[in-house]
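> A predicted structure for the sequence below; I have some questions about it.
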Amino acid sequence: MRLTDDPESLGDICVQYCLAHLGTFCVLDAAGLPLAIKPDICIPSQYSDKLLNWSNERGDADGPFLRVFLDPQQTRLRHVNLHGNEKISNQALSALRSHQLVELDLSCCPNINADCLQHLSQSKHTLLALNISGNMSFPWPHKDIRLDLPRLRVLNIGNLHGLPLNSLENLALSLSNLTSLDVSGLNVDDLSFLEPLKHNLSSLVLYNCSLKDQAYQMVMSMKALRHLDMSVLPERKTPGKSHLLSKLVHSLPALTSLDISGTSLGDMDSDSGSEDISDTQSGVEAGGGVRTTITGLQGLKQKLDFLGVVQTEAAGAEHIPAHRVAGHMTEQQVLTALQVYLDRSQMLAKCLTALFELLQAVDLQEPLQFVHLVAKAMRRHPKDPNIQVAGSAALYHLTKGWGKSCDYIKLRRITIQALTSGMEHHPTELTMQRNGCLTLCNFRIPEDLEFEYQRVAEVLLRIFTNFRNEEFIQRIAVYLCNIIVCQLKGEQKELVGRIGVVETMLKLIHERLNSKTCNEVMEIAWSTLWNITDETPLNCQMFMDGSGMDLFLSCLETFPDKQELHRNMLGLMGNVAEVKFLRPRLMQERYVTVFNALLESESDGIEVSYNSCGVLSHIMSDGVESWTLSQPCRQQVLERMVQAIERWDIATKRNINYRSFEPILKLLGDHDTPQVQHWAVWALTNLTRVYRK
């Protein structure tokens, strides 16, 4: 697997755009749902497949969307993957009726049953691969199960429980050209139903099947087998089977791929007898075969292409006779295991755990490959908490140091999407949320998160609701929120304000104010409000409407010595004062008195005094007639403003970042109030002198 940072193809970018803007190629109803494809559009097969399959990955491939593919003259489907789709029904799949499909994956779709297969009539002579595994409620309407698909080569019916043996026999009889069969998890201990297929099958998957010894006899009779998978979950391991491995190897001359993960077939304590001990210890098969210390494989004449030995003693063998090995002991073994077991959630979770343990012990040679595979696993199984927790823990270690470089942009985005999806699907799983937040902190923030800022913000906001008493994760979440909103622009800031950032920050502040706790969460919450209100009048209004000014006054009174807190609050006040239609709401004695008093503040250098003067300058710029207070006196406030300005050192370095000088430049035109111009000129002089760039 070769990772590149090549840009995406124009075709793929177009597909992504179309999926995000369905109106570009669909006729939409009043609710924005697709009714049909536009009449003047024809989409080639390659992109028809991607539109449907990628929509399914996004969780958007529902009944209305499938209507887009009703006319095969406009959209030609060939390779369809609807794995894990919970929205489609038998009726929705009727959209596939007119297409001549080559591959179809309907695995793990809980709302369909065997009746959906009647929609494959046009694919009778074209369908080569069919996957209907993992559908627990997939009863055939009758016991005489037959598939009228004469060209079918690959069939996966794993975990279709309740299929009687005679039904499987009828199914096998109807598929004379089948070369690959997966019956994983089926409750069968007798493989006699495979008799009609034993001369044709080149691949047989019996993962998690409880087999009796006589079933092995049927397997040994399949001389054309090249790939055999007899793996099980370790907890289903049946001891004392190691003697059968040698018999299997001798009976299957074409075998190049073998999976015995979780079984006792590869146990090192062979039952074969003491006369073979010297050969076992040397790792050399007496007949001159491949060198191996796995007793049951000493009959091999040449190395296997693949061998699966996860959670077996064989994984630790000194000489393993295979070019690719899936195991749990070494980096290369775990890498291969993650590739091979992508669709087996329980085995995959064990491999992710093995990876996490490996990360604690060694420095990986191919960390980027692991990032790609872990992200892929998390996206494949978004609802599995074990995979999400183990995967996010591994990604935290794998992405350390990513904040210092900008390489592999696509991989970064895939990883962030996988983390965000996992956090969305498991909002109350504390470990998942903590892992996700910590891992996001490894990236370049906010640059790496900008493409997904809304989803990330929504995920973070849920943390404050679901984990009110978890200070550690709240601290990370508010930190991430602050950095994200800091770099957003107008409409983006308004959007995150509408989805609840302003309201949530106010709640955080209120909770800590009630407990008289001024900690990092409170200070960053005020900083977030400062950033999200910068030149964003709508968010400033949300702050005012959410009793933000009451919180401001209460925090000043409750925490009089917290300089960082005061600086953040006064910076926010400056943003509010820049909004003309909000300034009348600031014209209250209790507010203006505070701003007037803070002109003499030395808290955080000149920052609090400077920002207070800025707030008053904007209020004063509305003219004498707008000053409706008898106390404090307008003229006295103006005089105190001048005294404060003249007290400041023009060379003072500032802890402030202006997005633009426009609000300050507007004040220069206030010829009726020279004190306002004085503040504006001082601000521009200081900023341009100290920060010349």
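Sure, I can see it.

> any idea where the strands of the protein begin and end?
26-28, 34-37, 79-81, 103-105, 129-131, 154-156, 180-182, 203-205, 227-229, 257-259, 304-308, 322-326 (DSSP state E).

> Put the alpha carbons of the last one into CSV.
Spelled out, it's strand 322-326. Extracted C-alpha coordinates of strand 322-326, given in CSV (Å, rounded to 0.1, in the frame of the first residue of the first chain):
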residue,chain,number,x,y,z
ALA,A,322,4.5,-17.2,4.5
HIS,A,323,5.2,-14.0,2.6
ARG,A,324,2.5,-12.1,4.4
VAL,A,325,1.5,-12.9,8.0
ALA,A,326,-1.4,-11.5,9.9
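
> Indicate each strand paired with that strand and its parallel or antiparallel sense.
The strands beside strand 322-326 in its sheet (DSSP bridges) come out as strand 304-308 (parallel).

> Show me what counts as buried in the strand it pairs with.
304, 306, 307, 308 (16 or more other CB atoms under 10 Å). Any C-beta I mention is one placed from the backbone N, CA and C, and that applies to glycine too.

> The second one contacts residue 256, correct?
Yes: in terms of CB atoms under 8 Å, residue 306 counts as a neighbour of residue 256; the distance is 7.4 Å.

> Could you tell me which residues touch both of those two?
Common neighbours of residue 306 and residue 256, counting by CB atoms under 8 Å, 6 or more residues apart in numbering, are residue 227.

> Residue 525 and residue 18: what is the separation?
Distance, residue 525 to residue 18, by CB to CB, to the nearest Å: 40 Å.

> who has more neighbours, those two?
Using other CB atoms under 10 Å as the criterion, residue 525 and residue 18 rank with residue 525 on top: 29 against 19.

> ok, back up a step: the strands of the chain: which one's closest to residue 658?
For the strands of the chain, the distance to residue 658 is smallest for strand 26-28, at 42.8 Å, taking CB to CB.

> got the contact list for that closest one?
Here strand 26-28 has contacts from 22, 34, 35, 36, 37, 38, 68, using CB under 8 Å, 6+ apart.

> again, only using 6 Å
With CB atoms under 6 Å, 6 or more residues apart in numbering as the test, strand 26-28 has contacts from 34, 35, 36, 38, 68.

> now it: mean pLDDT?
Averaging pLDDT along strand 26-28 gives 94.

> Quick check: buried residues in it?
Quick answer for strand 26-28 (16+ other CB under 10 Å): residue 26.

> do the same with stretch 7-26
Buried residues in stretch 7-26, defined by neighbour count with 16+ other CB under 10 Å: 14, 15, 18, 19, 22, 25, 26.

> Let's have the buried residues of strand 304-308 in a markdown table, adding pLDDT and distance to residue 171.
Below are the buried residues of strand 304-308 laid out as a markdown table (pLDDT from 0 to 100; distance: CB to CB, whole Å):
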| residue | pLDDT | distance to residue 171 |
| --- | --- | --- |
| 304 | 95 | 30 |
| 306 | 97 | 27 |
| 307 | 96 | 30 |
| 308 | 96 | 26 |
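
> out of these, who's nearest residue 168?
Looking across the buried residues of strand 304-308 and measuring by CB to CB, the closest to residue 168 is residue 308, at 24.7 Å.

> ok, the closest one - contacts?
Residue 308 touches 231, 259, 261, 326, counting by CB under 6 Å, 6+ apart.

> who's in contact with residue 617?
667, 676, 679.

> Identify the residue nearest the first one in space, chain neighbours excluded?
Across the structure, with CB to CB, 6 or more residues apart in numbering as the measure, the residue nearest residue 667 apart from its sequence neighbours is residue 680 (4.0 Å).

> May I have the predicted confidence score for that neighbour?
In this model, residue 680 carries a pLDDT of 93.

> Likewise for residue 143?
Residue-level pLDDT assigned to residue 143 equals 54.

> Buried ones in stretch 670-690, by neighbour count?
670, 673, 675, 676, 677, 678, 679, 680, 682, 683, 684, 686.

> from memory the fourth one sits against residue 620, does it?
This means residue 676. Yes: in this structure, residue 676 is within contact of residue 620 by CB atoms under 6 Å, at 5.1 Å.

> The residue nearest the centre of the chain and residue 382, how far apart?
Centroid-nearest residue in the chain: residue 418, 1.6 Å away (criterion: CA atoms, centre = their mean). Distance of residue 418 to residue 382, computed by CB to CB: 9 Å.

> circling back to that earlier point, kindly present the buried residues of strand 304-308 as CSV, with separate columns for distance to residue 507.
Output for those, formatted as CSV (distance: CB to CB, whole Å):
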residue, distance to residue 507
304, 60
306, 55
307, 56
308, 51
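
> Pick out whichever of the residues you listed sits closest to residue 63.
residue 308 (38.8 Å).

> any idea how far that closest one is from residue 665?
Residue 308 is 69 Å from residue 665, by CB to CB.

> quick revisit: in contact with the residue nearest to the centre of the chain, which residues?
Per CB under 6 Å, 6+ apart, neighbours of residue 418: 375, 378, 379.

> Next, count neighbours for the first one.
Which is residue 375. That count, for residue 375 with other CB under 10 Å as the rule, works out to 25.

> Contacts only, for it.
Residue 375 sits next to 414, 415, 418 when contact means CB under 6 Å, 6+ apart.

> and with 10 Å instead?
For residue 375, the contact set (CB atoms under 10 Å, 6 or more residues apart in numbering) comprises 391, 394-395, 398, 411-419, 421-422.

> can you list the contacts of residue 418 in a markdown table and add pLDDT and distance to residue 241?
Listed next are the contacts of residue 418 as a markdown table, based on pLDDT from 0 to 100; distance: CB to CB, whole Å:
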| residue | pLDDT | distance to residue 241 |
| --- | --- | --- |
| 375 | 96 | 36 |
| 378 | 96 | 34 |
| 379 | 93 | 35 |
